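**Q** I need the structure of the sequence given here:
(chains A and B)
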Amino acid sequence: MAGMADKARRRILAILVASSALVPCVAAAQDSVTVAGYGGAMRKGFDAALVNPAAQKLSLKIRSETHSDLPSIRVQVQSGAPAWDLVHLGGDECARGESEGLFEPLDLSKIDDASVPAAARGKSWVATNYYSVVLAWRTDKVKQPPKSWADFWDAKAFPGRRAIAGLAQETLEIALLADGVPKDKLYPLDVERALAAIKRLKPQIGVFWTTGAQSTQLIKDGEVDLIAIYGSRVSPVIEDGSAVQFTYDQGILGYGCIAIPKGAKNAAKAKELALAMVSPEIQANIIEKMDNYGPVNAKAYEVRKFTSEQLAKTNSSPQNAGKQVLIDAAWWAKNGDKAEEAFKSAILQ
Amino acid sequence: MTGMIAAASSGTADASYFARAERREAWSFALLALPGLVVIGLLLIVPVGWLFVLSFIGKDGGVSLENYARLAQPVYVITFVTTFQIAGIVTLGSILLGYPVAYLLSQLSPRAAAICMIFVILPFWTSVLVRTYAWLVLLQRRGLINSWLVSLGIINEPIPLVNNFIGTTIGMLHVLLPFMILPLYSSMKTIDGDYLKAASSCGASPMRAFWDVFFPLSRPGLFAGTVLVFILSLGFYLTPALLGGGRVSMWSMQIATNVSTYSNWGAASALGVLLLVVTIAILAALNKVFRVDKLYGGR
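**A** Residues are numbered from 1 along each chain as shown, chains lettered A, B, ... in the order given. Have a look, this model is predicted:
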């Protein structure tokens, strides 16, 4: 018995020694970068289209984590040793994080206006993908397709219960467009005018949704007849065969972006990864793999041939981008808190 | 202290022996309670104390009352009123629904009561999230209840039962009902049936016997349930967030918004401190009126 135990102990020891010798080898062969982003279906598409192909190109190992928006990143940077090397955020959060000095500088000298528009990049962040907030409706309830937010606001011509987001961003833009503000005169946003318009529509609003999943459920179950909703959240409902349709007309084009938290352990590799993710070749994957999102790098459209179906579904394709309004993340970074608070108070009153 | 002095002055060996034994016992009880006290201290007192400190620190890092001044804004006033309105309605509703149920349970045979009790406790074993979503399925415009009412011809148009004040109240009532029934049941169980028999043999009608004998005796359970439900309602988050449709704002939701959207810990702390103070004040007031401490075994 004692002999067997001894033997077993020796074998374990041998395995331990062997594996401890192995660990540094693996680490040296492949650098790893920890990417923190949102969860859900969006993340799957984001990883499949951008993170994994870019990591493969650079032979990086990716560790995936989920963050809880900018505050969680702020806390990590303040701690001095952030656990995340690259974070995926909303455009206004990147602009805000940069103004607070939370990110490592990024060398974007190779990127020009012809590829990524100036509004969609900063000194320490760059946009990765467009998302859209669009007007969708139940075709079994709303017979005549609405074409604009003014139609959405017109309860006489388009009767039915409505839902809009319980979040100010994109919703204030929508309200101003409905109130007749021309597309190119939206910013700086007239918050009071937007809130007045929202108050006017309030009797028609059944729900102010707060999560993407909730918005999907509202239109799918017919809890509301018209909704302002993320394009990526409504298209699965349509594919499921529900009587729902949406339009890119007057959609709000916003973007997600990436940045590297200041002091990140693998910042150098994360910067390479970031640049690879916005390169035209990798960006082109969005057109194929992320329905109702779109590449921010315009050159992505020149990399390969895409089917007309793929281009119709891509929100930043030439045929769709022109119908929509590009969000001004810088305005939101500066005025977001106040606007959000005023909006919250308006919908409760 | 007084025991020690008494033991020293009495001078007899017996007295000092008992005093020492008593002291030893007191110390060993204190030691036994220590782990619990440490846990409470570390997990409750310290964080709450820290929040209290944070609530007095302004955006610039100095001591200020700005976080409390912010609470005068209409959003917070509305939220404060809504929170108490909902807590009040839910408490009243749970009394009206819970009292008859507890009464019925207390009158059943032990076997039948045990079986029925399972249905009261069953919701406890299901996650609040699941139950809340279940209400969404039942109450929504094309949900079970509305489609029944419409197809039975009782109503022509679906009525808005969820994504508003009503839905929130229904959902919370369902979650909190057991907290009313259980204390009521346990206090009703201790009421001797002979009192009621005595009342009726003195000529009281069943109604009179109930109101004059049974109800006053069930009051401790009623107060315990009321306090539990009311105070739990004040801190509700999940159910109003999911069933309120963004139009019902409760105190805890404002705390969450301040932390997650504005990342303003000072403001969130001020909200938390105010809720805590108000809750303690209510508890103290109820205690004065109803001697609630008796329910917890105090004398």
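**Q** For the residue of the stretch 1-150 of chain B found nearest chain A, give me its contacts.
**A** Minimum separation of the stretch 1-150 of chain B from chain A (CB to the nearest CB) falls at residue B:75, amounting to 3.9 Å. C-beta here means a position set from N, CA and C on the backbone, and glycine is covered the same way. Applying CB atoms under 8 Å, 6 or more residues apart in numbering or on different chains, one finds that residue B:75 lies in contact with A:341, A:344-345, A:348, B:249, B:254.
**Q** Go ahead and confirm residue A:163 touches residue A:228.
**A** Yes - contact criterion CB atoms under 8 Å: residue A:163 and residue A:228 qualify, at 7.2 Å.
**Q** what about the two, which has more around it?
**A** In this view residue A:163 and residue A:228 are compared by other CB atoms under 10 Å in any protein chain shown, and residue A:163 has more residues nearby, 26 against 23.
**Q** Pretty sure the more buried one sits in a strand.
**A** Yes - per DSSP: H, G, I helix; E, B strand; the rest coil, residue A:163 lies within a strand segment.
**Q** distance of it from residue B:212?
**A** As judged by CB to CB, to the nearest Å, residue A:163 and residue B:212 stand 53 Å apart.
**Q** Name the helix or strand for the residue nearest to the spatial centre of chain B, please.
**A** The residue lying closest to the centre of chain B (CA atoms, centre = their mean) is residue B:228, at 2.5 Å. Element membership for residue B:228, per DSSP states H and E: helix B:215-234.
**Q** Alpha carbons of stretch A:215-224, as CSV, please.
**A** Taking Å, rounded to 0.1, in the frame of the first residue of the first chain, the C-alpha atoms of stretch A:215-224 are listed here in CSV:
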residue,chain,number,x,y,z
SER,A,215,-38.1,45.8,-27.1
THR,A,216,-38.0,42.6,-29.2
GLN,A,217,-40.6,41.0,-27.0
LEU,A,218,-42.9,44.1,-27.2
ILE,A,219,-43.2,44.0,-31.0
LYS,A,220,-43.1,40.3,-31.3
ASP,A,221,-46.0,39.7,-28.8
GLY,A,222,-48.0,42.6,-30.2
GLU,A,223,-47.9,44.5,-26.9
VAL,A,224,-47.4,47.6,-29.0
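**Q** low-confidence ranges in chain B?
**A** The model of chain B has pLDDT under 70 over residues B:1-13, B:291-299.
**Q** Now for the closest residue to chain A within it, how many residues are close by?
**A** Chain A sits closest to residue B:246 of chain B, with a gap of 2.8 Å, by CB to the nearest CB. By other CB under 10 Å, 24 other residues sit near residue B:246.
**Q** How about residue A:75?
**A** For residue A:75, the neighbour count with other CB under 10 Å is 12.
**Q** Tell me which other helices or strands the helix or strand where it lies touches.
**A** Taking DSSP H and E as the criterion, residue A:75 maps to helix A:69-79. Helices and strands touching helix A:69-79, as assessed by 3 or more CB pairs under 8 Å, 6 or more residues apart in numbering or on different chains; DSSP states H and E, comprise strand A:86-90, helix A:91-99, helix B:251-260.
**Q** same question for the second one, mean pLDDT?
**A** Okay, so that is helix A:91-99. If you average the pLDDT over helix A:91-99, you get 94.
**Q** after it, next one along is what?
**A** Following helix A:91-99 in sequence order, the next helix or strand is strand A:125-138 (DSSP H and E).
**Q** check whether that following strand contacts chain B.
**A** No - Strand A:125-138 does not reach chain B (CB under 8 Å from any CB of the partner chain); its nearest approach is 10.5 Å.
**Q** From the chain's centre, how far out is that strand? Work that out for me.
**A** When distances are taken as CA atoms, centre = their mean, to the nearest Å, strand A:125-138 is centred 7 Å away from the chain's centroid.
**Q** show me where pLDDT drops low in chain A?
**A** Residues of chain A that meet the cut-off, pLDDT under 70, sit at A:1-29.
**Q** Check it for the residue nearest chain B and tell me.
**A** Nearest residue of chain A to chain B (CB to the nearest CB) works out as residue A:208 at 2.8 Å.
**Q** now that residue, nearest residue through space, not along the chain?
**A** residue B:246 (2.8 Å; CB to CB, 6 or more residues apart in numbering or on different chains).
**Q** So the one you found lies in a strand, does it not?
**A** No - per three-state DSSP, residue B:246 lies outside any strand segment and is coil.
**Q** Helix, strand or coil: sort out residue A:255 for me.
**A** Residue A:255 is classified as strand under three-state DSSP.
**Q** I'd like to know the beta-bridge partner residues of it.
**A** Counting by DSSP bridges, residue A:255 forms beta bridges with residue A:130.
**Q** now it: how far from residue A:291?
**A** Look at residue A:255 and residue A:291: by CB to CB, they are 16 Å apart.
**Q** These two: which has the busier surroundings?
**A** residue A:255 (26 against 18).
**Q** Isn't that one up against residue A:92?
**A** No - at 9.8 Å, residue A:255 does not count as touching residue A:92 under the criterion of CB under 8 Å.
**Q** Tally up the residues packed near the residue of chain A closest to chain B, please.
**A** 23.
**Q** Look up phi and psi at residue A:250.
**A** Phi and psi for residue A:250, reported as degrees, to the nearest 10, are phi 60, psi 20.
**Q** burial measure for it, as a count.
**A** The number of residues packed near residue A:250 is 23, by other CB under 10 Å.
**Q** can I assume it is in contact with residue A:320?
**A** No - look at residue A:250 against residue A:320 with CB under 8 Å: they stay out of range, at 11.7 Å.
**Q** Overlap of the contact sets of these two?
**A** Common neighbours of residue A:250 and residue A:320 (CB under 8 Å, 6+ apart) do not exist.
**Q** hang on, the earlier thing: list the buried ones in the helix holding residue A:75?
**A** Residues A:70-71, A:73-74, A:76-77 are the ones in helix A:69-79 that count as buried (16 or more other CB atoms under 10 Å in any protein chain shown).
**Q** now that helix and helix A:91-99, what's the angle there?
**A** Helix A:69-79 and helix A:91-99 are oriented at 20 degrees to each other (axes from the mean of the first three to the mean of the last three CA atoms, to 10 degrees).
**Q** neighbouring contacts of helix A:69-79?
**A** In contact with helix A:69-79 (CB under 8 Å, 6+ apart) are residues A:36, A:67, A:82-84, A:87, A:89-90, A:93, A:96-97, A:100, A:102, A:261-263, B:259-260, B:263.
**Q** What of stretch B:174-190?
**A** Applying CB under 8 Å, 6+ apart, the contact partners of stretch B:174-190 are B:90, B:94-95, B:97-99, B:101-103, B:105-106, B:117, B:120-121, B:123-124, B:128, B:131-132, B:135, B:214, B:217-222, B:224-226, B:228-229, B:232-233, B:239, B:295.
**Q** Run through the residues of chain B sitting next to chain A.
**A** Checking chain B against chain A by CB under 8 Å from any CB, the hits are B:73-75, B:78-79, B:136, B:140-143, B:160, B:163, B:241-242, B:245-247, B:249, B:257, B:259-263.
**Q** Mind giving me the PyMOL select for these, buried ones only?
**A** Here is the PyMOL command that selects only those of those that count as buried (16+ other CB under 10 Å):
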select buried, chain B and resi 75+79+136+140+141+143+160+163+241+242+245+246+247+249+257+259+261+262+263
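**Q** I'd like the distance from stretch A:255-262 to the chain centre, please.
**A** Counting by CA atoms, centre = their mean, stretch A:255-262 is centred 11 Å from the centre of its parent chain.
**Q** and it, C-alpha only, in PDB?
**A** C-alpha atoms of stretch A:255-262 as PDB (Å, rounded to 0.1, in the frame of the first residue of the first chain):
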ATOM      1  CA  TYR A 255     -21.800  53.400 -33.400                       C
ATOM      2  CA  GLY A 256     -20.000  51.100 -31.100                       C
ATOM      3  CA  CYS A 257     -16.300  51.700 -30.600                       C
ATOM      4  CA  ILE A 258     -13.200  50.200 -29.000                       C
ATOM      5  CA  ALA A 259     -10.600  51.600 -26.700                       C
ATOM      6  CA  ILE A 260      -7.700  50.400 -24.600                       C
ATOM      7  CA  PRO A 261      -8.000  51.100 -20.800                       C
ATOM      8  CA  LYS A 262      -5.100  53.100 -19.500                       C
END
